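Colleague: coords please:
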Amino acid sequence: MPTAIARRGLMLVVSSPSGAGKSTLARRLLESDPLISMSVSVTTRPKRANEVDGKDYFFVSRERFEEMVREGAFLEHATVFGNRYGTPAAAVEKILAKGRDVLFDIDWQGAQQLAQKAKDDLVRVFILPPSRGELERRLNERAADPPEVVARRMAEANNEISRWSEYDYVIVNEDIPKAQKQLEAIVAAERLNRQRQIGLVDFVRRLIGA
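Modeller: Residues are numbered from 1 along each chain as shown. Here you go, the predicted structure:
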């Protein structure tokens, strides 16, 4: 039977400029690792055709979102491209209490707020595209946004990329399978962090017969 040592769940933040691949990497990580749950954000952004309410996002009105802000319901919240996004605190705390990990697909604004509230549990990974041209190609290829939105995302890319130094790890996503392995390696290493393994003291005491 495998040795089980109790640990705190970690909060894994994956950020990138739009089109760099964070959502694809997040999805692949969730599919490969049953110990990670996705934090489902609340947003005022209109639902896209392929999205499911409650699975991809919780879609709410701007009025309801502002009510939740006043109620203190969010761990973090931010405005991105004119839309509001927030992470509901209760759901995240429930997952962490079970010793499971939570994955956050949020931008640098949200990462900063989480760092203020839960720095010890936070692991921040920034995803960079291999080139600006490739970033634009990916945005156009996914056909999820009209041309004017793609242009706006490209204009904002420099500001988003400039935040790379605020993160613990940086991955250049030139190849999805390679980037996925790098992300998985980060998770594996952080789970072994001595301070995060809260059951180590008792385990070592039993080991030496103390």
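Colleague: Stretch 65-73: how far from the chain's middle?
Modeller: Offset of stretch 65-73 from its chain centre (C-alpha atoms, centre = their mean, to the nearest Å): 21 Å.
Colleague: Could you do stretch 66-83 as well?
Modeller: 16 Å.
Colleague: Identify the residues contacting that stretch?
Modeller: 42-45, 60, 65, 84-90, 92, 106-107, 109-111, 113-114, 117-118, 149, 152-153, 156 (C-beta atoms under 8 Å, 6 or more residues apart in numbering). C-betas here are computed from N, CA, C, even on glycine.
Colleague: what about that stretch, start to end distance?
Modeller: 12 Å (C-alpha to C-alpha, to the nearest Å).
Colleague: Give the rounded mean pLDDT of that stretch.
Modeller: Average pLDDT, stretch 66-83: 92.
Colleague: Ok, stretch 88-97 next?
Modeller: On average, stretch 88-97 scores 87.
Colleague: Next, the buried residues of that stretch.
Modeller: 88, 92, 95-96 (16 or more other C-beta atoms under 10 Å).
Colleague: which residues touch that stretch?
Modeller: With C-beta under 8 Å, 6+ apart as the criterion, stretch 88-97 contacts 8-9, 11, 37, 39-42, 58, 68, 72-75, 101-102, 121.
Colleague: Check those for burial and list the buried ones.
Modeller: 8-9, 11, 37, 39-42, 58, 68, 73-75, 101-102, 121.
Colleague: what's the spacing between A188 and A97?
Modeller: Going from A188 to A97 by C-beta to C-beta, to the nearest Å gives 22 Å.
Colleague: quick one on the thing from earlier: so which of the buried ones among the contacts of stretch 88-97 is the closest to S131?
Modeller: S41 (28.6 Å; C-beta to C-beta).
Colleague: chain center to the helix or strand of the chain with the lowest mean pLDDT, what's the gap?
Modeller: Ranked by mean pLDDT, DSSP states H and E, the helix or strand of the chain with the weakest confidence is helix 132-142, at a mean of 80. Mean-position distance between helix 132-142 and its chain equals 21 Å (C-alpha atoms, centre = their mean).
Colleague: likewise stretch 103-117?
Modeller: Worked out by C-alpha atoms, centre = their mean, stretch 103-117 lies 8 Å from the chain centre.
Colleague: buried ones in that stretch?
Modeller: 103-111, 113-114.
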